[in-house]
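> Pasting the sequence and the predicted coordinates here, then a few questions.
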Amino acid sequence: MGTRRSGSHHSRVVRLLRLIAAGVFTVMKRSIILCVLVLGLVELSVTRLMAQDPRLLAAATRNSGDTFPIGVRTPRGASVYAVTRPSAAELAAIDRGLTDLFAVARKNGYSKRLNYGDYSVFIATADRTQNSEGQYSPDVAIATGQYAGSVYDKGGYMYVAGLVLSLDPCAFLIAEHVKDLDRMANVVRYEGEHLVLYHNDRRRFEATKDHSKGGSHPILQ
Ligand SMILES: [Zn+2]
């Protein structure tokens, strides 16, 4: 259960309607993970920014409705911005997800943006902690976009596990996890796949960024 009320969901959704989003439905461990790319933010910057950049923070706030007063680094050096101080287990899960991402990226011959310090991860308050099947599934509510009218449409919004906020610098948003940190690590890896592809294989990035046209995670095998 999120700490926010449905009213704030609604106002948030209204603000989000102008965003162009692409999503993915991936069956993983019998739970659905939906990932969304906020394409409108692709041009956030042509140069690499510090994660503290106000525009990046604003993008995270605009999409999640949260503010992120906590700024920490994972043991391996990824930047983390959170509503409440992340647990050591969460930070380790982020590192684990990135480690898996970098390994599979190298396996695919990619070499750019494979440093922990290249990534900023925003941890938002979960808007739900259980999916419709009752499984632990901390997700964030965002505008329905092209999924309007689908079974995932909850009335103008839908729940996603992760959201790419910016392609350059590399930043994405996930929901707070208090358990099932393996799920959190997987969401990190999945969001990161889009970023690795953007910087290493633009053609493949373009072909896989919009999951509503097919394809799911993991993209990299
Ligand atoms: Zn995705």
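Right, received. Where do you want to start?
> tell me which residues in stretch 56-75 are buried?
The neighbour-count check on stretch 56-75 (16 or more other C-beta atoms under 10 Å) flags Leu56, Leu57, Ala59, Ala60, Asn63, Ser64, Gly65, Asp66, Phe68, Thr74 as buried. C-beta here means a position set from N, CA and C on the backbone, and glycine is covered the same way.
> pull the helix or strand with minimum mean pLDDT from the chain.
Every helix and strand in the chain was compared by mean pLDDT, DSSP states H and E; the lowest is strand 21-28, with a mean of 32.
> before we move on, back to that, pLDDT for the buried residues of stretch 56-75 - can I get that in JSON lines?
Formatted as JSON lines, these follow (pLDDT from 0 to 100):
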{"residue": "Leu56", "pLDDT": "86"}
{"residue": "Leu57", "pLDDT": "88"}
{"residue": "Ala59", "pLDDT": "87"}
{"residue": "Ala60", "pLDDT": "90"}
{"residue": "Asn63", "pLDDT": "85"}
{"residue": "Ser64", "pLDDT": "89"}
{"residue": "Gly65", "pLDDT": "90"}
{"residue": "Asp66", "pLDDT": "93"}
{"residue": "Phe68", "pLDDT": "91"}
{"residue": "Thr74", "pLDDT": "94"}
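> tell me the domain ranges of the protein?
1-52, 53-213 (automatic domain parsing).
> Do I have it right that Tyr116 meets Arg76?
Yes - with contact defined as C-beta atoms under 8 Å, Tyr116 reaches Arg76; the gap is 4.2 Å.
> Please consider this matter closed, and thank you.
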